[in-house]
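Student: using only what follows, build the 3D model:
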Amino acid sequence: MVDYRIDRHSGVATYLQIVQQTKQALRLGMLRPGDRLPTAREVVEATAINPNTVLKAYRELEREGLVEARRGLGTFVRRGLGTAAASPLRAELEDWAARARQSGLEREDVAALFTAVLDTHYPDHRTTPQGDPS
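Tutor: Sure, this is the predicted structure:
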């Protein structure tokens, strides 16, 4: 299950934050096909957002073919995204992040460095500050 964290000061629409966080969970293997997403009620209780916002996010995910709503049962993952969780590169990235922190870099510094490198190697997929391709 995924725990949504809403940043009300990010400038990103709340429903898009839910979409982005769901996609990240799919990429990292935290959500797999067949898993049930939290109900709108559960998300509302955990985040204090409007239920229609959750439903809008889930409809967007459904439109993209990532989830499916099953009447009376909930919303379920249809397919995953990528294989980032199983990549051996994750361990290298973990080591790199640990070294960056030990060298005194703050989270925002690391994010800026990583985004700059991503933009160099993936020029056709510039990222937004939230890390989801635009």
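
Student: mind listing what's buried in stretch 38-45?
Tutor: Across stretch 38-45, burial judged by 16 or more other C-beta atoms under 10 Å covers Pro38, Ala40, Val43, Val44. C-beta: built from backbone N, CA, C; applies to glycine.

Student: any chance of the residues you listed in JSON lines, plus secondary structure?
Tutor: JSON lines is the format used below for these (DSSP: H, G, I helix; E, B strand; the rest coil):
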{"residue": "Pro38", "secondary structure": "coil"}
{"residue": "Ala40", "secondary structure": "helix"}
{"residue": "Val43", "secondary structure": "helix"}
{"residue": "Val44", "secondary structure": "helix"}
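
Student: which one among the residues you listed gets closest to Gln20?
Tutor: Val43 (14.2 Å; C-beta to C-beta).

Student: go ahead and confirm that closest one touches Leu55.
Tutor: No: at 9.6 Å, Val43 and Leu55 do not qualify as touching, with contact defined as C-beta atoms under 8 Å.
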